[in-house]
Each structure stands twice: as C-alpha cells, then as structure tokens.
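Colleague: Everything below, folded, please.
(2 chains)
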Amino acid sequence: MKFMKALSCATVLAGCVFSSASAADMTVGFSQIGSESGWRAAETTVTKQEAEKRGIDLKFADAQQKQENQIKALRSFIAQGVDAIFVAPVVATGWDEVLGEAKDASIPVILLDRTVDADKSLYMTAVTSDLVHEGNVAGKWLVDTTAGKPCNVVELQGTTGSSPAIDRKKGFEEALKGHDNLKIVRSQTGDFTRTKGKEVMESFLKAENGGKNICALYAHNDDMAVGAIQAIKEAGLKPGKDILVVSIDAVPDIFKAMAAGEANATVELTPNMAGPAFDALAAFKKDGKEPPKWIQTESKLYTQADDPQKVYDAKKGLGY
Amino acid sequence: MSMLGLYGKRLLPQFIALAIILGLVSIAFPGFFNLQIQNGRLYGSLIDILNRGAPVALLAIGMTVVIATKGIDLSVGAVMAICGAVAASTITAGYSLPATLLITVGVGLLCGLWNGILVAILDIQPIIATLVLMVAGRGIAQMVTNGAILTFNDEGLIFIGSGSLFGLPMPVVIWITAGILVALLVRRTALGMLIEAVGVNRRASTLSGVSTPVLLIAAYVLSGLCASVAGIIAAADIRGADANNAGLWLELDAILAVVIGGTSLLGGRFSIAASLLGAMIIQSINTGILLSGFPPEFNLIIKAAIIVFILVLQSPKLQGTLAFLSRSNSTPKPAESKAK
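Modeller: Down below sits the predicted model:
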C-alpha cells in the first residue's frame, strides 16, 4: 500500500497523467483551529459535508486554538500518509518546518480561510475570502440603493486593529469614493459583538439627532448589526426602512432580521472554504494541474429579495 | 457631624470626578443632558449611562464586599457568561420565566459557593482560587450554548434587559435596588463591621469569635449572585447568550469601580455607594468617548488617561502634599520671615 502511494506520488510529480488516486478513495487530513466562533463551527460542519459528498475520507483534528496541536496533527497526518492536508492556521508564523516535512513527503497542503508567513512553495494553494472585496460589495450595494440621494452613513467597526476591521473599512470606503452623496458621519468600534454593537448604536442615535440624521448603517459583521437593530427599534425608528442596514458575514440571525424587514443586505463570508479546495485537489490529482496560489471564495450579496427565511432555515443547522 | 454629612464627605471625591467627566462630555457633545420621554420611558444619554453601566454596577456590589474581606473575585465575568448561557438554554428548553430565573440564580450561587469554599475552607489565595473559574467558566458557558449565540424570544426574559419600570430601564431599577438592599444589609446590621474586621485581620477576627469561614463564603456567594443577575441582564439585553463575549473583561472594570470608589484592595473599610459611583464614572467615560466621535484607536488611551487622573487625585500621598502646601501658604513660617 505504501509502495503504491509512493508510486502514485512519483507519477504525479513526473507530470504523468497516469494516477491511481481519484477523488473517491482519497484520504484528507483537516487541522481546524477550534470552535471559537459560530462561523468556525459552521466551517467544520460544511467541510465534513463537502468531504462526504465527494466520498473523501476526512480525518478531522481540532487544535483548540493551539499551534502546537496543529503541528502535532500535521505530523500525524504525514505519518499516516494521507493524500492531502487541509489546515486553517491559527497563527501566521512558525510553519516552515512542518510544511517542509509535508513537502518532503510529497503531500500537498492547502490553507483554508487564513494564510501563513512561509515560502509559497511550501503549500499548494490558499483558499480565503478577500476582506477588502467584502467591504467593497457592501459599499456598492449602498451606492446602488441610495442612487445618488444624500445619505449619512454610520459605521460599526470590528475590533480595532484586527485585519477584518481594517480591510472591510478600506473596501467600503473605496466603493464610496466618487459618490459624494454618501458620507460616513460616525465610525466607532463595536468589537464584533452584539452588546457593543447595541451600545455604540445607541450613542450614534443620540449624537445624530435621535437618528434622524442617519440614513444607513454599515456594520463589519452581522452580530453588531443585530445588536444595532435592537437599539434602532428601542429609539422608536424602523430599522431597514428609516435606517438601512448592511453588514458582512451572513450568519443565520441576520436572515431572520432580513425576513422581518429589519435588515437590508449582507455579504457572505462563506463557510465553504473546503469545497473549492477539494475541487482544486481533485484537478491536481487527475492531471497534475497546479492551482493558482490563491483561490478567492465568492463574496455573495444577499438582500431581502433572496428569500431570507429559506436561507435562514438552510443555515440554521450548520452550527453557527 | 451628622451621619449624612459624614457620608457626603466620604463620597465627595467620587462625586467631583463624576461631575468633571459629565461636564467634559457635555462640552464635547452639547445635547448630553437632554432627557425626553420615548415609548413611555426616559430617553437620553444620561439614562444610557445608568443602563449600560448596570452589569458593572451589579458586579461592583459583590466585588466591594469580597474586596473588603481582603479577597478578590476574578471569576465574575465568566460567571456572567455561564448564567447568561444557562438562562438562554433553560428558557428555550421551555421552562417558565420564574423557573429559568431560579435555576440561573442558583447556578450563580453555586459558582460563588465554589469560590468561597476554595478561599475559606481550602485556604487558597483568592486571586488564584477565582482564576480557576475565570478560565474554566467561559468553557462551561460554551458547552452550555454549544459555541453558538443562543437566541430566545421570551418577552418576559427580554423585559429584564430592555423593559422599563417607573420610567426607568429595568437594569437601572435592578442595580439601584440591589445596591440599596445590600447596603442596608451590611450597614443596618453588624455584618459590615464583621466583614471589615475579617479584611483587616482574619486571624484576630477568628480568635475574637467571628465565624470567618461563613462570612468569607457568604461574600463570594453574594458576588456570584450579583454576577448571575448581571449575566441575565446582559443576555436579555441582546436577546441571546454570547458565551464568548458576555462579561468579557468586566471583572477588571468591576475591580476598577471598587478602587475608584476608594475601597482599598488590602481589605477593611468599604462603601457600596462609592463603588456604584465608581461604576458610573467608568460608564460615563465609555459613553462619553462614544458620543464625542473620536476615532476608536483613541478609546482606550483616553479611558486610561482619565482613570490615572482620578486615581492620582485620590492618592493619599498627593492629598497629604496638597494639605501640607495649603497649610504652609496660609501661615507663613516664622523661620522664613526672619530670614527676610
């Protein structure tokens, strides 16, 4: 068996079309960070579903937020001689050695959701979303929806200094460039949480004439938007009508708000990072085609027109 | 001096600090003191401060008593998360509101009992004993909610977080009532003095017949109780239990509120009212920063600068120096006048 694997690896390396490994009998090791957020839990669920759909044997290892556990898991995958390794790296640095070991064993490594500070030759590809693009999609929606009408926007930022907060802000501002009708009047951090989102929105409403000066809210994640929606309601305004609400992530609860007409749009950070990774892997195993070093996942825009109740029902069971 | 006058003097530094901060915020944001009636309740930034400060105010009540015994309770933030999670999961499991509240408060009491036994019976240092639950608590909360934000729609439970009574938001009514009850309990009985005695010298109090273990356990149980109520409020406010973020770092804010209130971390004399003022000072800073419209990068720096300023003002060394300077100014020293 080992000999067969070595042979198949050798043939792939030689660029030969002949290969014994089709998707159906592949074994893939997946080292997940942990389950620190609902999104992370959903990513785990979707990865398992995607593997099952393709008949791939997925070996799952939960690192519980520790890099040392991930390195241990990777070494164990290498020792077991898996066909490929997926890893969602918990930190960016310190991967050179273990990725080198995987390379020496000719096991392709695919990074999910996050990237690492290591030589690009050490991994096959990285499947991630583009945070700047997400902000851009949200901004474009607002530009299209307001259609030139003057509109004061308030922004709930993510945790100060975190890369999603920086990039989602940047992308949104880029989309607003050249549209002078849209003005960001207030921008403050809500730490990605519902509680802070609600508290900060309360202060925005007070500061902007009881909310009468605010025409739209842009939140860097859905949780803050859900908190802010409650603050808007308690101030006697109608979220989704008096104040437009656009946010990012597409967690189930925002679809519930959209179904009730209280949120307007959300940009999906898809938990399906594994699907594109499996596809790239299958193509590589089939004819040795190297995927590009970065596979960008789709940042899909959902609005009230997309049957939010149905999306909510579909997403609810994913472990968000 | 009358009782009230004494009390006023004790709280004077806190009142001055609060007044200065409110004054500063009203300069940065002119509509700050506006109050109006909306949806049958008072509405305005001042009400926001009272309302948003509720969790820290409640935690500060329990923390004051614990600190007065020369202890500290680092677990209150995690206990908030546990209790929020328990409340959300019991109400979604179909239990009635009274049952949910009883179970949740019971869990809070158990957490306090655990801390109390570690400190009073096993004699573990409070900072370490409560660190155990601080670390483990968030994990327990995540186990209860399965790592997701557990939402609920029970109107009764939501009312505790965002309803109103006598024109005030429910959380405000709850923390003010809790503060008055606990203050009466410790000041209208000998309990307060016994707690102070334990804090000043545990051994001496035990030798003079104070049942120290019972008092210590009671202090931590009270802290757990306060944390559970704060946890219910935090969950009810957002209609969901967020195990990752509910009460995160609030134990530090609660300790800070007690310290701003002038209670020494070395135990002994304490004042619940001063700690509550401390909690409102912290929340005024938070709300003020949000209203003033500074970029978020400045939030923590501004908060720290104001707090350092308040603490320096309260420092006994500085007050001693100020008193000395004012005395030497009003009565010139004879030695100096001779030299001239």
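Colleague: Only C-alpha atoms from now on, for both contacts and neighbour counts.
Modeller: Noted.
Colleague: So residue B:21, which state does it fall into?
Modeller: helix (DSSP: H, G, I helix; E, B strand; the rest coil).
Colleague: pretty sure it contacts residue B:283?
Modeller: No: counting by Cα atoms under 8 Å, residue B:21 stays clear of residue B:283, with 10.4 Å between them.
Colleague: Please identify which of the two sits among more neighbours.
Modeller: residue B:283 (23 against 18; other Cα atoms under 10 Å in any protein chain shown).
Colleague: Report the secondary structure element holding that one.
Modeller: helix B:272-292 (DSSP states H and E).
Colleague: Give me the contact status of the next helix or strand after that helix with chain A.
Modeller: Once the chain leaves helix B:272-292, the next helix or strand it forms, by DSSP H and E, is helix B:299-314. No: on the criterion Cα under 8 Å from any Cα of the partner chain, helix B:299-314 is out of touch with chain A, staying 9.1 Å away.
Colleague: Report the inter-axis angle for helix B:299-314 versus helix B:272-292.
Modeller: Counting by axes from the mean of the first three to the mean of the last three Cα atoms, to 10 degrees, helix B:299-314 lies at 140 degrees to helix B:272-292.
Colleague: Measure how far helix B:299-314 is from the centre of its chain, please.
Modeller: 17 Å (Cα atoms, centre = their mean, to the nearest Å).
Colleague: Which other helices and strands does it contact?
Modeller: helix B:272-292 (3 or more Cα pairs under 8 Å, 6 or more residues apart in numbering or on different chains; DSSP states H and E).
Colleague: for the record, mean pLDDT for the helix it packs on?
Modeller: The average pLDDT for helix B:272-292 rounds to 94.
Colleague: Next, the contact list for the residue nearest to residue A:116 when sequence neighbours are not counted, please.
Modeller: Computed as Cα to Cα, 6 or more residues apart in numbering or on different chains, the closest residue to residue A:116 that is not its neighbour in sequence is residue A:92, at 4.2 Å. Going by Cα atoms under 8 Å, 6 or more residues apart in numbering or on different chains, residue A:92 touches A:114-117.
Colleague: From those, list just the buried residues.
Modeller: A:115-116 (16 or more other Cα atoms under 10 Å in any protein chain shown).
Colleague: Identify, from the contacts of residue A:92, the entry nearest to residue B:65.
Modeller: Nearest to residue B:65 among the contacts of residue A:92 is residue A:114, at 46.0 Å by Cα to Cα.
Colleague: so who does residue 195 touch?
Modeller: Just so you know, I chose chain A. Counted by Cα under 8 Å, 6+ apart, residue A:195 has contacts A:224, A:227, B:234, B:237-238, B:246.
Colleague: oops, I was thinking of chain B
Modeller: Applying Cα under 8 Å, 6+ apart, the residues near residue B:195 are B:65, B:68-69, B:215, B:268.
Colleague: any weak-confidence spans in the chain?
Modeller: I'll assume chain A. A:1-24 (pLDDT under 70).
Colleague: Can you look at chain B instead?
Modeller: Ranges of chain B meeting pLDDT under 70: B:1-4, B:6, B:330-340.
Colleague: Close to chain A: what parts of it are there?
Modeller: B:29, B:31, B:38-39, B:44-45, B:48, B:52, B:147-149, B:234, B:237-238, B:244-246, B:287, B:290-291, B:293-297.
Colleague: hmm, try it at 6 Å
Modeller: Residues of chain B lying close to chain A by Cα under 6 Å from any Cα of the partner chain are B:148, B:291, B:296.
Colleague: Who wins on neighbours among those?
Modeller: Ranking the residues of chain B next to chain A using other Cα under 10 Å puts residue B:291 first, with 26 neighbours.
Colleague: on that earlier part again, residues making contact with the helix holding residue B:283?
Modeller: For helix B:272-292, contacts defined as Cα atoms under 6 Å, 6 or more residues apart in numbering or on different chains pick out A:203, A:207, B:11, B:18, B:25, B:28-29, B:49, B:53, B:57, B:257-258, B:260-261.
Colleague: would you say residue A:183 is within a helix?
Modeller: No: remark: residue A:183 does not belong to a helix; assigned using three-state DSSP, it is strand.
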